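S.K.: Sharing a sequence plus its predicted fold:
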Amino acid sequence: MEKKSFYITTPIYYPSDNLHIGHAYTTTIADAMARYKRIAGYDVLFLTGSDEHGQKIQRKAAEQNVTPIEYVDKIVASFQHLWEKLNISHDDFIRTTEERHHEVVQAIFQKIYDQGDIYKAAYEGRYCTPCETFWVERQLVDGKCPDCGRTVEVVQEESYFFRMSKYQDRLLSYIEENPDFIQPSSRRNEMINFIKGGLEDLCVSRTTFDWGIPVPFDTKHVVYVWFDALTNYITAAGYLDDRDKFSKFWPADIHLVGKEIVRFHSIIWPVILMALDIEVPKKVYGHGWLIMEGDKMSKSKGNVIDPLVLIEEFGPDAIRYFLLREITLGQDGNFSREALINRMNADLANDLGNLLHRSLSMIGRFNGGIIEAAGDVEGIDQELTELAQNTVIQYEKFMDDMDINAAIKAVWTLIGRTNKYIDETGPWALAKDEAKRGRLNTVLYNLAETLRIVSILIYPLMPVTAPKIWAQLGIDSDFGAVSLTDAKGWGKLPGGTKVGALEPLFPRVEDKPVEAVAPVIEPVKTKAQSTAESASDMPEVTIEDFAKMDLRVVKVLAAEKVAKADKLLKLTVDLGTEERTIISGIAKHYAPEELVGKDVVMIINLKPAKIRGIESRGMVLAASCGEKLALVTAAEMVPGSRVK
Ligand code: MSP
């Protein structure tokens, strides 16, 4: 019988910079799902790749004085290196610069044009180059890109347009009739509202740069990078060159994407497919972001973590486990080194590592390293074996629903229960009494059998650790051929198995988490203070409390008095990535012209407030003593520099 198929994709990443742990998060989730489906008996196609065209890449290459292809080749090689180190098991890696992809993009562009759904017109609008997204004036927020908050550029050129509007009703009915199509459901509601707001025809070609796939019938145009990129999912499934593969794997089961690009995948992409009369993917899953110090991790914010450095320090499985366990799928989650180390010590070293170590060393000490067949069975054994079997059932259900967190929790409940089972049955006491040998054998067998089942269940998360457990248990069948069925039905571990060499799986990480280093400044006491008992009458805060404040150096670009408010000044400041307006009560101390050009310190994540009808988004810091006031300055620091 032919196996069931499962096609899962990650977004194809922009090779505009090296990947960070946020990207590794997306790919790790997809990898866990792909590995799970493989052991569940599916024929899997797991696709990842790189999105190499567009204005952003062309500019980056120009900045470095290299050709775009030279530029991307190097970065794409680093992507592939990272996926190898993280044990990503993709079946294909697509590059949009490949010939196989050019052919598909040109073929579908031509087809849609021929049927009249692409037409030429003059375009005038805004373009966000970092997001490679077109916007119309009314969609901007404070004149900036509504997605990333950065400055948009005016684009005026003759372009080809895709008649998205024609498909609006069909798309809306599809989404409404298929509640599983967009997940989680909060994203689905967002998309429904977006579509109800009216779908504009989409500009799908550009003429002001040439790093892209030429429009086949008008080669001074290149195809819009998102139209090009989304198509990768059918290219790799064999749309043009392998019809059997295509009919097997299309429609894709899951497009896994970050929440900010759900719109492209659940609106633009289905409409392209509808225009081509191709089935729409079964599911678009929008996961949350990895947050660092309260902000989405991104290169431009300077808060990225290099996954290679973490893998080097902690190993790939610990990183994978942390990402999959700690962050609730669908929601934003914090990345911190401290949380990573805590998880490693608690879940991996203590719970899992100890269970293996205790079990195998007792089998070694009491039974000469042989896992004897079970003897007398009592209620407590029954309870454990039933829990193990129920865990497999629950795990399967959770994984099928893509509730990876719940699946992991279920496995750790079993691990916790098994550790407790050791304490409750006390094998060391049983070993002292020859009459209890049957009980001892049962207990030790149950420990080994539970570990065998656990090793199968954790394989999608920790593909290096799982076969290690298997080998330490002494199971001689090849772990590569393992399937979920091997975890079902208690007692598949043959009695008489000789355990392998015992090695620690996850040694405890003893080093202290790296904490934000607060500058040590000796307080200069004023006369009044020097007589006081303590320099501060404020409650004590932890370093974590302090770290919640995002303090940055900003440059004052403009300053003016606020009408009818003699204490207030309205400042326009540069954060490096954006401009902001703030209201500051310093008018009595500074004339507006004195401030322009100053590099001052500002808290940028302060809740916005309306002051005299003006929205103030931040607050500059100043020292004050009696009537005197001085702004805290950081001369010659680049705007956006972090103050900590
Ligand atoms: N090239 C487009 C995708 C085209 S798919 C047809 C793109 N590339 S990207 O490199 O900018 O981002 C790829 C993915 O990485 C997105 O799903 C995005 O959400 C994810 N992430 C980037 N930063 C992230 C975090 N800090 N946290 C979690 N995911 C993050 O968009």
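M.R.: All right, it came through fine. Predicted model only: the values in this text are computed from it and were never measured.
S.K.: Helix, strand, or coil at the nearest residue to Thr97 once chain neighbours are set aside?
M.R.: Nearest non-adjacent residue to Thr97, counting by C-beta to C-beta, 6 or more residues apart in numbering: Glu52, 4.8 Å away. In this view, the C-beta of every residue, glycine as well, is placed from N, C-alpha and C. Each residue gets one of three states, and Glu52 gets coil by DSSP: H, G, I helix; E, B strand; the rest coil.
S.K.: Going forward, count from 12.
M.R.: Done: numbering now begins at 12, and the last item shifts to Glu63.
S.K.: so who does Glu63 touch?
M.R.: Tyr25, Pro26, Pro79, Val83, Val87, Arg106, Thr107, Thr108 (C-beta atoms under 8 Å, 6 or more residues apart in numbering).
S.K.: How about the contacts made by the closest residue to Val649 other than its chain neighbours?
M.R.: Nearest residue to Val649 in three dimensions, chain neighbours excluded: Gly587, at 6.5 Å (C-beta to C-beta, 6+ apart). Contacts for Gly587 (C-beta under 8 Å, 6+ apart) come out as Arg563, Val565, Val649, Pro650, Gly651, Ser652.
S.K.: And for the closest residue to the ligand within the stretch 112-261 of the chain, the neighbour number?
M.R.: At 3.8 Å from the ligand, Ala240 is the closest residue in the stretch 112-261 of the chain, using C-beta to the nearest ligand atom. Using other C-beta atoms under 10 Å, Ala240 has 27 neighbouring residues.
S.K.: Help me confirm that it comes into contact with Ser61.
M.R.: No. Taking C-beta atoms under 8 Å as the definition, Ala240 is not a contact partner of Ser61, at 9.5 Å.
S.K.: Spell out which residues are contacts of both of those two.
M.R.: Shared contacts of Ala240 and Ser61, counting by C-beta under 8 Å, 6+ apart, come down to Ile23, Thr107.
S.K.: Save the contacts of Gly587 as CSV, and put in distance to the ligand, pLDDT and neighbour count too.
M.R.: As requested, the contacts of Gly587 are arranged in CSV below (distance: C-beta to the nearest ligand atom, whole Å; pLDDT from 0 to 100; neighbours: other C-beta atoms under 10 Å):
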residue, distance to the ligand, pLDDT, neighbour count
Arg563, 19, 90, 23
Val565, 23, 87, 28
Val649, 22, 75, 11
Pro650, 22, 78, 20
Gly651, 18, 81, 18
Ser652, 21, 81, 16
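S.K.: shaky segments in the protein?
M.R.: Counting by pLDDT under 70, the chain has low-confidence residues at 12, 522-550, 553, 555, 588, 637.
S.K.: For the ligand, what is the nearest residue in the stretch 212-361 of the chain?
M.R.: Gly269 (1.6 Å).
S.K.: so who does that residue touch?
M.R.: Each residue near Gly269 by C-beta under 8 Å, 6+ apart is listed here: Pro22, Gly33, Thr37, Gly297, His298, Gly299, Trp300.
S.K.: What of Tyr25?
M.R.: Ser61, Asp62, Glu63, Gly65, Lys67, Ile68.
S.K.: where does Thr396 land in three-state SS?
M.R.: Under three-state DSSP, the three-state class of Thr396 is helix.
S.K.: My read is that it contacts Asn457, right?
M.R.: Yes. Thr396 lies in contact with Asn457 (C-beta under 8 Å); the separation is 6.8 Å.
S.K.: higher neighbour count, those two?
M.R.: Asn457 (25 against 17).
S.K.: Give me the number of neighbouring residues for Leu371.
M.R.: By other C-beta under 10 Å, the residues close to Leu371 number 25.
S.K.: Equivalent analysis for Gly608, please.
M.R.: Neighbour count of Gly608, defined by other C-beta under 10 Å: 9.
S.K.: and if you look at Ala357?
M.R.: Neighbours around Ala357, by other C-beta under 10 Å: 12.
S.K.: before we move on, what SS does it have?
M.R.: helix.
S.K.: Also within reach of the ligand: list those from the contacts of Gly269.
M.R.: Counting by C-beta under 6 Å from any ligand atom, Pro22, Gly33, Thr37, Trp300 from these sit close to the ligand.
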